[in-house]
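Asker: Predicted model and sequence below, questions to follow.
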Amino acid sequence: QVQLVETGGGLVQPGESLTLSCEATGLTFINYVMNWYRQVSGHERELVAKIARTGVQIKYVDSVKGRFTISRDNDKNMVYLQMNNLKPEDTAVYYCGAGTFFTAFDDGSERPMSYWGQGTQVTVSS
């Protein structure tokens, strides 16, 4: 049984940092592209960052470039999202996803995930 479990969410003030962690069990971790998505109530889930199997390829959504860092530890089956200089617009539920492709479809839309975590709430507010 595959499980992705996110931890590390919480309430922080603007400008502060958080690190999200996602532990994967029940799958061969190295075979999967790992992703962080976020979703605001009433909006579609959006890709925040993704990292290829060996970590060589990484992609970020423009709004987090320079502030967020995705990384993975294939020995521990873990993927992380270091979030610095957080802004109120970063408030969302953050989800860990495991997928089999790094490249998006030709129209730019992201490929579906094979597995999702349950999500962790991040709230940025003064």
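Answerer: Sure thing, it's come through. Since the model is a prediction, treat every value here as computed from it, not as a measurement.
Asker: What strand or helix carries the residue nearest in space to the middle of the chain?
Answerer: Geometric centre of the chain, nearest residue: residue 36, 1.4 Å, by C-alpha atoms, centre = their mean. Using DSSP states H and E, residue 36 maps to strand 33-39.
Asker: One more: residue 55?
Answerer: Counting by DSSP H and E, there is no helix or strand that carries residue 55.
Asker: Now it: closest residue in space that isn't a chain neighbour?
Answerer: Among residues not flanking residue 55 along the chain, residue 72 sits closest, at 5.6 Å (C-beta to C-beta, 6 or more residues apart in numbering). In short, each C-beta sits where N, CA and C put it, glycine included.
Asker: Residue 96 is in contact with that neighbour, correct?
Answerer: No: between residue 72 and residue 96 there is no contact under C-beta atoms under 8 Å: 10.8 Å.
Asker: Give me the distance between the two termini of stretch 27-36.
Answerer: In stretch 27-36, first residue to last residue: 17 Å (C-alpha to C-alpha, to the nearest Å).
Asker: sorry, back to before: more crowded one of residue 72 and residue 96?
Answerer: residue 96 (28 against 23; other C-beta atoms under 10 Å).
Asker: Quick check: which element contains the more buried one?
Answerer: strand 92-99.
Asker: that older thread, report the contact partners of the residue nearest to the centre of the chain.
Answerer: 20, 22, 47-50, 70, 79, 81, 94-97 (C-beta atoms under 8 Å, 6 or more residues apart in numbering).
Asker: so which of those residues is the most crowded?
Answerer: Result: residue 79 is most packed of the contacts of residue 36 (other C-beta under 10 Å), 31 neighbours.
Asker: isn't it right next to residue 51, touching?
Answerer: Yes: using C-beta under 8 Å, residue 79 is in contact with residue 51, at 6.8 Å.
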